[in-house]
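K.L.:
Sequence plus predicted model, see below.
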Amino acid sequence: MTNFPFTEAMPIQFQAPLPKASEVVVIGGGVIGVTTALFLARRNISVTLLEKGRIAGEQSSRNWGWIRQQGRDADELPVVIEAQRLWRQLAEECGEDIGLKQTGVTYLARTDKEMAGFAKFLKIAQIHGVDTRLLDQGETAKLIPAMSRSFKGAMTTPSDMRAEPWVAVSALARLAAREGVTIIENCAARTLDISAGRVSGVWTEHGRIATSSAVVASGAWTLLFLRAHGVSIPQLSVRATVAATGPMPEIHSGAVADDRIAFRRRQDGGYTLASGGSSQLYVGPDAFRHATKYVSALMANPFGTHYLPAAPRGYPDGWSTPRRWNADEESPFERMRILNPAPRSSALRDIEREFTALFKQFKTVPIKASWAGMIDAMPDVVPVVDRAAEIPGLVIATGMSGHGFGIGPGMGRVVSDLVQGNEIGHDLHRFRQSRFSDGSPIKLGPSL
Ligand SMILES: Cc1cc2nc3c(=O)[nH]c(=O)nc-3n(C[C@H](O)[C@H](O)[C@H](O)COP(=O)(O)OP(=O)(O)OC[C@H]3O[C@@H](n4cnc5c(N)ncnc54)[C@H](O)[C@@H]3O)c2cc1C
């Protein structure tokens, strides 16, 4: 934890000369880009993975570390079930301790309405053979006896897991490099080179790589990159604050959330904490452009988002962030190598208040680190994983909407097969790019 959050002061781990050509170029070294590249390399495909800053420098190290099937959208669930299997396999193969452990995920309910919501997911879980179950008031108290409040009930999935994100994704990148992926940190992709209407290369800050296939897995920066090529998806990003305590007595070994507090026991004996559900949207040109698409999400949780009039300079949807640049000009991507938002101080106060209210035995919370991340969100809270309709050779894998860590290896495997034109094994219709432009109604997925 001492080096957290990741900043540009961290040494570069992955350096390589820019190849002249690569069968596939993956843009973005988060969990999605890293695992996509790994699975491509396993098919003997030459892959270059470009990361403008550090591997996992953004969302993929800043998250809570929950690997959950519980509460998933019905169309994501089969992918996350596969991801659970892949996490186990990759943890073995990488030969490093990534903190992977099956400790379960539990959601607490105060109201009958929340319990009714849980019951809906239970039916989906049962169809897929997931061990989710509902608990009544007494069973909930028994599961976490240290709680000083009583709850109407809970939903719990014992087979859900956790891993330590700031260790895990770098470890997977080292595995990918050993298996032949060329990984280059501190190397932004500036633009696609398009010839005869299709991808023919990627221009980076260090020159051009010839390729017929590019994957944009650029998290919160994806829309900025795509729009420069005339491709638009209604993606926005919101700031979420997290705190980590030093080692504490164990109150529960798994991950738990209600609408006020979320906590998860870490490998090092501390807890990762966040306040339930509230995030901040920095209003910028894209927020205005796509506001109408977010009406359903807003109505479902009207007080879940706070609005701030402008993002700090250089953010993807900043007012002064350039929207166009040439391949030989510095791009917004290399101007901000790591999106490292300041944690919100009121969120940290909420975390401390809610955690000590729930666990009265703690008078204070020994917070040793705090940070924030920009979550890349879609209006229906499920990702876009698709071939870009406008540009043959371009695949989009983004908008994981706050739950892409757990599903990461599953999506990486899916994207690698999408690139190759193979049978995917899952129905990707829900994740199609065109759903926002073909008149389909927004079908809201669950946010947690
Ligand atoms: C506070 C918080 C808590 C979360 N908790 C959980 C959780 O418990 N469980 C869960 O499943 N998910 C969680 N998530 C969500 C999860 O972290 C993300 O969905 C996931 O990490 C997204 O991975 P990614 O690879 O798509 O994007 P990222 O991890 O954001 O990676 C994108 C990368 O692309 C790079 N990049 C961008 N543009 C360029 C360019 N032009 N050239 C080169 N590189 C570029 C960026 O520098 C970045 O490193 C949480 C997220 C946050 C912020």
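P.N.:
That came through fine.
K.L.:
could you point out which element follows the worst-scoring helix or strand of the chain on mean pLDDT?
P.N.:
Every helix and strand in the chain was compared by mean pLDDT, DSSP states H and E; the lowest is helix 295-300, with a mean of 85. Per DSSP states H and E, the first helix or strand lying C-terminal to helix 295-300 is strand 305-308.
K.L.:
Could you name the helices and strands sitting against that following strand?
P.N.:
Packed against strand 305-308 by the contact rule (3 or more C-beta pairs under 8 Å, 6 or more residues apart in numbering; DSSP states H and E) you find strand 279-282. Quick note: C-beta positions are derived from backbone N, CA and C, even for glycine.
K.L.:
mind checking how far the strand it packs on is from the chain centre?
P.N.:
16 Å (C-alpha atoms, centre = their mean, to the nearest Å).
K.L.:
does it come close to the ligand?
P.N.:
No: contact of strand 279-282 with the ligand (C-beta under 6 Å from any ligand atom) is absent, the minimum separation being 8.6 Å.
K.L.:
which outside residues touch the helix or strand just after that strand?
P.N.:
Per DSSP H and E, the first helix or strand lying C-terminal to strand 279-282 is helix 285-290. The contact list for helix 285-290, computed with C-beta atoms under 8 Å, 6 or more residues apart in numbering, reads L223, P234, Q235, L236, L281, P316, D317, W319, R323, P379.
K.L.:
Please identify which of the residues you listed is nearest to the ligand.
P.N.:
Checking the contacts of helix 285-290 against the ligand by C-beta to the nearest ligand atom gives P316 as the nearest, at 8.5 Å.
K.L.:
Surely that closest one forms part of a helix?
P.N.:
No: per DSSP: H, G, I helix; E, B strand; the rest coil, P316 lies outside any helix segment and is coil.
K.L.:
Look at the nearest residue to I27 once chain neighbours are set aside and say how many residues are nearby.
P.N.:
Nearest residue to I27, sequence neighbours excluded (C-beta to C-beta, 6 or more residues apart in numbering): A189, at 4.3 Å. Look at A189: counted by other C-beta atoms under 10 Å, it has 27 neighbours.
K.L.:
Next up, the contacts around A189.
P.N.:
V25, I27, L50, K52, V202, W203, T204, A214, S218, F225, F333.
K.L.:
how much space between the first one and F39?
P.N.:
If I follow you right, that is V25. 15 Å (C-beta to C-beta, to the nearest Å).
K.L.:
likewise the fourth one?
P.N.:
With the distance defined as C-beta to C-beta, K52 ends up 22 Å from F39.
K.L.:
higher neighbour count, these two?
P.N.:
Using other C-beta under 10 Å as the criterion, K52 and F39 rank with K52 on top: 29 against 24.
K.L.:
three-state assignment of the more buried one?
P.N.:
coil.
K.L.:
Going forward, the N-terminal residue is numbered 35.
P.N.:
New numbering, starting at 35: the last item is K86.
K.L.:
how about the nearest residue to it, chain neighbours excluded?
P.N.:
Nearest to K86 is A222, by C-beta to C-beta, 6+ apart, at 3.8 Å.
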